[in-house]
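*Asks:* sequence-free structure coming up:
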Ligand code: SAH
């Protein structure tokens, strides 16, 4: 299915001119689309133009919010969205002092099958279109007010670089000054480390903040928890990260989820520091969120602090991420699964 939100400004302009409409209509239409307004409410757009878009297959609503859960602990809001084909995805709005960040999904399910993640439990269902990715932000802004979403992280379900074309189209649209206009610095892309695509991304001029889910300091441990480690070694991942930094001059972030007894020893901290030394990067630590279906546990709070201190002692730039929305199934893919198992879209 095709959606109005899939279109870049230039693509919309071409369609508008092709149907014989004047150029000033492009801006009017793009502004409605960016605000999630449906054909019926686009008051200044002639019906003939709407009919032209409908006739070539453009749907006006890629996605709608069907459930909202608000954390009593920290105000985090979790959403379930329904897609037009009945699939369901989830997202999280996190409230920080400096603004709101929306965590966005790029695929229904995921084929990376990391041992600790709920998103990959049923494999990949399908890629999201650029409009279905953008539509998550538009739907949240439509519900809570324009500009509610200040920052975006591609950290929901799916592997963004495994859905490359739709993801880069999304990156173009989300920062378009005529559209949502979210600054490039406000967009983070998280990947399990598809090295060829990381290089391609910056070669093609895309410069989101790159977050790499490393989670292990060597291949042996990484292979136990991330199947992608059989394709790329940790050295290849770090080389691609250095390349990304050299091209974009943007500091790369390594995600490291601490799993009790798996990747949280002092030796691991030393190996990690050795692996990533020598270029501007940062490590984000988080204790693994336990997922019911996965037999792995998060490192205890006290031990997480120890691991952080070891890294600091080795001069690694490191922060501890707060685990947000713990009372509303904050971890990837958990809410969607619970929902589907409980009977699906009502
Ligand atoms: N596929 C991308 C983005 C989606 S996952 C990636 O791999 O980066 C977003 C982040 O959440 C990743 O760092 C992922 O490894 C992490 N994650 C997944 N399940 C988790 C869990 N149960 N506890 C803590 N982090 C988890």
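*Replies:* Received, thanks. Remember, it's a predicted structure, so these values are computed and weren't measured experimentally.

*Asks:* And stretch 278-298, end to end?
*Replies:* Between the opening and closing residues of stretch 278-298 there is a gap of 29 Å (C-alpha to C-alpha, to the nearest Å).

*Asks:* Could you check that stretch and say which residues are buried?
*Replies:* Buried residues in stretch 278-298, counted by 16 or more other C-beta atoms under 10 Å: 281, 283-289, 291, 294, 296-298. For glycine as for every other residue, the C-beta is placed from the backbone atoms N, C-alpha and C.

*Asks:* which residues does the nearest residue to residue 204 once chain neighbours are set aside contact?
*Replies:* When the adjacent residues along the chain are set aside, residue 204 lies closest to residue 168, with 6.9 Å between them (C-beta to C-beta, 6 or more residues apart in numbering). Taking C-beta atoms under 8 Å, 6 or more residues apart in numbering, we find residue 168 in contact with 201, 204, 206.

*Asks:* The second one and the ligand, how far apart?
*Replies:* Applying C-beta to the nearest ligand atom, to the nearest Å, one obtains 19 Å for the distance of residue 204 from the ligand.

*Asks:* Could you tell me how many residues sit around that residue?
*Replies:* The number of residues packed near residue 204 is 11, by other C-beta atoms under 10 Å.

*Asks:* ok, now how distant is it from residue 243?
*Replies:* As judged by C-beta to C-beta, to the nearest Å, residue 204 and residue 243 stand 13 Å apart.

*Asks:* coming back round to it: A helix includes the residue nearest to residue 204, no?
*Replies:* Yes. With DSSP: H, G, I helix; E, B strand; the rest coil as the criterion, residue 168 is part of a helix.

*Asks:* Now do the same for it: its pLDDT.
*Replies:* Model confidence at residue 168, given as pLDDT, is 98.

*Asks:* Let me have the contacts of residue 168 in CSV, extended by secondary structure.
*Replies:* Converted to CSV, the contacts of residue 168 look like this (three-state DSSP):
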residue, secondary structure
201, helix
204, coil
206, coil
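
*Asks:* Narrow the buried residues of stretch 278-298 to those in strands?
*Replies:* 281, 283-287 (DSSP state E).

*Asks:* of all those, which comes closest to residue 44?
*Replies:* residue 284 (45.5 Å; C-beta to C-beta).

*Asks:* Quick check: which element contains the residue lying closest to residue 315 once chain neighbours are set aside?
*Replies:* Nearest residue to residue 315, sequence neighbours excluded (C-beta to C-beta, 6+ apart): residue 273, at 7.5 Å. Take DSSP states H and E as the rule and residue 273 turns out to sit in helix 266-276.

*Asks:* now that helix, how far from the centre of its chain.
*Replies:* When distances are taken as C-alpha atoms, centre = their mean, to the nearest Å, helix 266-276 is centred 27 Å away from the chain's centroid.

*Asks:* Just the buried residues of stretch 237-246, please?
*Replies:* Burial within stretch 237-246, assessed by neighbour count using 16+ other C-beta under 10 Å, is assigned to 237-238, 240-245.
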